[in-house]
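S.K.: Model the structure of this input:
(2 chains)
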Amino acid sequence: MLEQIFQFLVTGITVGSIYALVGLGFALIYNASDVVNFAQGEFVMLGAMSAIALLAAGLPLPLAAIAATLLTALVGLLLERFAIEPAKGASVITTIIITIGAAIFLRGVASLLWGKNSLPLPAFSGNEPIQLGGATLLPQSLWVLGGTVVLVALIHAFLNRTLLGKALLACSVNRAAAQLVGINVQIMLRLAYGLSAGLGAVAGILVAPITFSSYEAGIMLGLKGFSAAIVGGIGNPMGAVAGGLLLGVLEALGAGLVSSGYKDAIAFMFVLMVLFFEPTGLFGHKVAERV
Amino acid sequence: MLKIRFLGSLLAATLFTGIHLANAAEPIKIGTFLTTTGPASFLGDPELKTLQMVIEDINAKGGLNGRTVELVHYDTGGNAREALNFVKRLIRKDNVDLIVGGTTSGDTLAVIPEVEKESIPLISLAGAVEIIEPTRKWVFKVAHTDRMAAAKIFEDLRKRNLTKVALITGDGGFDKSGRAQILKLAPEYGITLVADEAYGNKDTDMTTQLTKIRATDAQAIINFGFGQAPAIVTKNIKQLGIDLPVYQSHGVASQTFIDLAGGAAEGVRLPAAALVVAEQLPDTDPQKPILLAYKKKYEAKYGPVSTFGGHAYDGIMIATEALMRAGGTDKAKVRDEIEKTQGFIGTAGVFNMTPGDHMGLNLEAFKMVEIDNGAWKIVE
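M.R.: Numbers count the residues shown, from 1 in each chain, chains lettered A, B, ... in the order given. The predicted structure follows:
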């Protein structure tokens, strides 16, 4: 039994770090603009699918991964420039709806470009399972875990140690004040979209060998990533990471110890409970609106 | 002046088209409602392509009974409510003569009452046995049923003397219907199910469920589903080092599954239509020339074939042959002729329909295949 629980935990942490990476992208854009970007899942899909396509075109895997990340970041920038920016001054809700439209558009383009089948990406370092106590995990899971740690550390350092990162945070705290002290909010927004698109792409490429990818893969990943960001307190990048891990472990334990049929129900019940008792998320800032 | 000339030419144009219409026979209209977007799109996509290919072919050869054939298609996106709306539109607005379609069982089951009420022949491409049980006057199907798949798997288990089986299925309609048939048939074959696990079809990891299965005394694992989830299950089984025979359903009988699951797919067995092993059939097999011809034609145009496109081929061929025999589009006559389909050799097997059997396939239509070195191999 103990062995089983250990396996559940290993599974949960792997799946959870996938959610965490997607959730991190949500948090970044929310930070810069108060907008929940529902095309985040599509960035994940685009990264994975373009890496698969570039690999098939003959590029070596590392090069294909880098090119796919840059390509997706570019898509994020273009999305901000040509869909979000023209709606400058629109309400947050309007902007969120624009991102939903963008998500549907990106899915459509992907289905035309790459067809409707699921496609695999080869594992970075083989498929031989690694024994860990009584549990087994794939080498790719280590890549996902390692990738999450590195990316989270980088984002954390960027937001707290660099001027650019602090400027980005400033936009989220008070956009007007940020503009007054000379921060170019427009540029910051583009940066946020480009960055979270690139982040999503890396997440997609890391997980594609485990989960495969298809033009629709972004829907589920986006939803779970969003839940992770909500649980952790949206706008808090580290909260999103914690939320993702929590959600993953909960799903695995729920499926393993209760019933696999209620796996998602248990996880979403938890999300509801969090929102009920702690509306700003487990690690969210308490918001005080001044009237 | 210009206006008058324009009106004049408009009048002439109307007259001409009027004459044209009176001269040429009305086209035969075949309606279809497939799932070409959404999770089941990899089923509907080859189906639509096949229908278009076959109809193009028929028209190039002069049509049916001297009339051209026109295909009217709507994409349901796998939404049963949409399916019903589109079928109503096909019947009332497009005035189609018969309907081939319904990619998924859910779509098909949703439209059956309407089709029965409006008395129009329907040939479904979906799997669930409920479509033809009980037999309905106007409803036919050409795809193997999930009950046949379950029976075929159990036959193979019996040959290998395996009686304790763990079941793992997804949350889709195909999965659930397959699970129900397995639960129902197991006692008949003396099989005990020691685990019955579930997952979501969009889940990315099933090791939790499989860890539970590993702790049971199962002698084999059956996974009933389609899409990418069964490939993930297969990979997870390998990852957990579970060394048991693995059975999949006919839902994954396509090259995509082998590509996705990679090395983990080795040794996996599943019941599949003869199409996937067409080249390996003995030359005496009556299906072989038909399979190879369809495969060659489809692959020249669109890329690798799948058994799902094959179902569309069977459906449209049975429909057109019935239309030919009926000598027209009288719906009752066409229905009777579909029911009289005897010895029709299709991609799914040999069809012998009767008033009590609106599918007409037997277990012979399935081949038990094993994945060997990344390719299908017949194991019977």
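S.K.: use CA for all of it now, contacts and neighbours both
M.R.: Fine.
S.K.: And B:A319, its phi and psi?
M.R.: Main-chain dihedrals, B:A319, degrees, to the nearest 10: phi -60, psi -50.
S.K.: what stretches of chain A score poorly on pLDDT?
M.R.: Chain A contains residues with pLDDT under 70 at A:285-291.
S.K.: residues from it in reach of chain B?
M.R.: Within reach of chain B by C-alpha under 8 Å from any C-alpha of the partner chain, chain A has these residues: A:4, A:7-8, A:11, A:15, A:116-120, A:127-129, A:135-138, A:210-212, A:216, A:220, A:252, A:255-256, A:259-261, A:263.
S.K.: same thing but 6 Å
M.R.: A:8, A:116-117, A:120, A:129, A:136, A:211, A:256, A:260-261 (C-alpha under 6 Å from any C-alpha of the partner chain).
S.K.: What are the boundaries of the strands in chain B?
M.R.: Listed in chain order, the strands of chain B (DSSP state E) span B:28-34, B:69-75, B:98-100, B:122-124, B:139-141, B:164-169, B:192-198, B:220-224, B:246-248, B:269-273, B:344-345, B:350-351, B:366-372, B:375-378.
S.K.: In the stretch 51-200 of chain B, where is pLDDT below threshold?
M.R.: For the stretch 51-200 of chain B (pLDDT under 70), the answer is none.
S.K.: For it, which residue gets nearest to chain A?
M.R.: Proximity of the stretch 51-200 of chain B to chain A (C-alpha to the nearest C-alpha) peaks at B:A198, 5.2 Å away.
S.K.: B:I316: which of the strands of chain B is closest?
M.R.: Set against B:I316 and scored by C-alpha to C-alpha, those come closest in strand B:98-100, at 6.7 Å.
S.K.: Flag every buried residue along the closest one.
M.R.: Neighbour counts over strand B:98-100 (16 or more other C-alpha atoms under 10 Å in any protein chain shown) mark B:98-100 as buried.
S.K.: hmm, back to that, columns distance to B:Y302 on top of the strands of chain B, output as TSV?
M.R.: Output for these, formatted as TSV (distance: least, C-alpha to C-alpha, whole Å):
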stretch	distance to B:Y302
strand B:28-34	18
strand B:69-75	19
strand B:98-100	21
strand B:122-124	23
strand B:139-141	25
strand B:164-169	31
strand B:192-198	35
strand B:220-224	28
strand B:246-248	26
strand B:269-273	20
strand B:344-345	23
strand B:350-351	26
strand B:366-372	24
strand B:375-378	20
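S.K.: B:I112: which of the ones you listed is closest?
M.R.: It is, among those and with distance given as C-alpha to C-alpha, strand B:139-141, at 7.3 Å.
S.K.: Which strands and helices lie in contact with that closest one?
M.R.: Packing partners of strand B:139-141 (3 or more C-alpha pairs under 6 Å, 6 or more residues apart in numbering or on different chains; DSSP states H and E): strand B:122-124.
S.K.: If you count contacts, what does the strand it packs on end up packed against?
M.R.: strand B:98-100, strand B:139-141.
S.K.: Skipping its backbone neighbours, what lies nearest A:L70 in space?
M.R.: A:G198 (6.5 Å; C-alpha to C-alpha, 6 or more residues apart in numbering or on different chains).
S.K.: For that neighbour, pull up the helix or strand it's in.
M.R.: Per DSSP states H and E, A:G198 falls inside helix A:185-211.
S.K.: Going by neighbour count, list what's buried in that helix.
M.R.: A:185, A:188-211.
S.K.: Then stretch A:81-90?
M.R.: Quick answer for stretch A:81-90 (16+ other C-alpha under 10 Å): A:81, A:83-85.
S.K.: do stretch B:84-97 as well
M.R.: Of all the residues in stretch B:84-97, those buried under the rule 16+ other C-alpha under 10 Å are B:84, B:86-88, B:90-91, B:96-97.
S.K.: and what of stretch A:57-67?
M.R.: Those would be A:61, A:64-67, for stretch A:57-67 by 16+ other C-alpha under 10 Å.
S.K.: From the chain's centroid, how far away is stretch A:71-79?
M.R.: Counting by C-alpha atoms, centre = their mean, to the nearest Å, stretch A:71-79 is centred 15 Å from the centre of its parent chain.
S.K.: cool, and stretch B:271-280?
M.R.: Relative to the chain's own centre, stretch B:271-280 is displaced by 15 Å; criterion: C-alpha atoms, centre = their mean.
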